[in-house]
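Visitor: okay, structure incoming, though there's no sequence with it:
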């Protein structure tokens, strides 16, 4: 496969690191985006062909910072792919979710990808291998108690991706929505891990998501890729028969509410 230049946001998180390793090992060149210069430099230096990659420090919660980031990218080598992976999650009851927390999730999980796509689209469309991969979640297709704001942000990202696929259907651009189920990263608090264990929800290693993203680089048609069984089945079932899924999830509600007590709202939110 032709070596691509890939802009990867959230490069220092669990999924981002796994993607960086997979992309670099496959011979692609990376523009790593994150908030810590030290972490980005360490990541780059540990990748295959480290001299072929560069990094840019940016706070994607800031619209102004995104404009500066895109100007920096435009001054560098031509790009082929944008992977919108950066994001944040929170678990807790809506009644105790602050405005600041809701705004943070909407800014990072939905608005940042929208802004990056808008600003970088002219550069991407110059490539014969242009692609966008928006990393969503199975919670972008199923509303889940305790994750109301997070679900809202990922539902928004999924809707944006669908509209973008249709808006550029007559262009040589592949737009993908990649939706993992639970992933074993620091983004999940100890209580989320314990809840998933009690509910019997499986979790994938970050490398599973990275491998799926790597395969999408060879797909020239826009697509929606949901990871994990039975999660992808329930996403489809929820779209067709939401009442059935609601009934199943209601049986789990007592367990979810037990873990989603207010004290969890104060937990730190790792940004990938």
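Guide: Arrived safely. Computed from a prediction, not measured in an experiment: that's the story for all the values here.

Visitor: how about the strands in the protein?
Guide: Taking DSSP state E as the test, the strands found in the chain are 5-9, 29-34, 54-57, 81-84, 131-135, 174-179, 223-226.

Visitor: hmm, residue 16 and residue 39 touching each other?
Guide: No: if you go by CB atoms under 8 Å, residue 39 and residue 16 don't touch, sitting 10.1 Å apart. In this view, the C-beta of every residue, glycine as well, is placed from N, C-alpha and C.

Visitor: higher neighbour count, the two?
Guide: residue 16 (27 against 17; other CB atoms under 10 Å).

Visitor: distance check, the more buried one against residue 117.
Guide: According to CB to CB, to the nearest Å, residue 16 and residue 117 sit 18 Å apart.

Visitor: okay, which residue is most central for this structure?
Guide: Residue closest to the mean C-alpha point of the chain, counted by CA atoms, centre = their mean, is residue 135 at 3.1 Å.

Visitor: now that residue. Nearest residue, chain neighbours left out?
Guide: Nearest residue to residue 135, sequence neighbours excluded (CB to CB, 6 or more residues apart in numbering): residue 85, at 4.5 Å.

Visitor: okay, that neighbour: pLDDT?
Guide: Residue 85 is assigned 98 on the pLDDT scale.

Visitor: OK, contacts around it?
Guide: Residues near residue 85 by CB atoms under 8 Å, 6 or more residues apart in numbering: 8, 9, 10, 11, 13, 15, 16, 19, 133, 135, 272.

Visitor: tell me the bridge partners for the residue lying closest to the first one once chain neighbours are set aside.
Guide: Distance criterion CB to CB, 6+ apart; nearest residue to residue 8, sequence neighbours excluded, is residue 83 at 4.8 Å. With DSSP bridges applied, the residues forming beta bridges to residue 83 are residue 8, residue 133.

Visitor: pull the contacting residues for residue 83.
Guide: 6, 7, 8, 9, 19, 132, 133, 135, 213.

Visitor: one more pass at 10 Å, please.
Guide: Residue 83 is in contact with 6-11, 15-16, 19-20, 23, 30-31, 33, 113, 116, 131-135, 176, 178, 213, 216-217, counting by CB atoms under 10 Å, 6 or more residues apart in numbering.

Visitor: so where is this protein shaky, pLDDT-wise?
Guide: Applying pLDDT under 70 to the chain picks out residues 263-272.

Visitor: which helix is the longest one in it?
Guide: helix 148-167 (DSSP state H).

Visitor: report the buried residues of that one.
Guide: Using 16 or more other CB atoms under 10 Å as the test for burial, helix 148-167 gives 148-158, 160-161, 164-165.

Visitor: could you do stretch 66-84 as well?
Guide: Neighbour-count burial for stretch 66-84 flags 66, 69, 70, 73, 79, 80, 81, 82, 83, 84 (criterion: 16+ other CB under 10 Å).

Visitor: pretty sure the third one is touching residue 116, no?
Guide: Okay, so that is residue 70. Yes: in this structure, residue 70 is within contact of residue 116 by CB atoms under 10 Å, at 7.0 Å.

Visitor: list the residues that contact both of these two?
Guide: Common neighbours of residue 70 and residue 116 (criterion: CB under 10 Å, 6+ apart): 7, 58.

Visitor: contact partners for residue 73?
Guide: Here residue 73 is in contact with 5, 7, 31, 33, 54, 56, 58, 79, 82, 116, 119-120, 123 (CB under 10 Å, 6+ apart).
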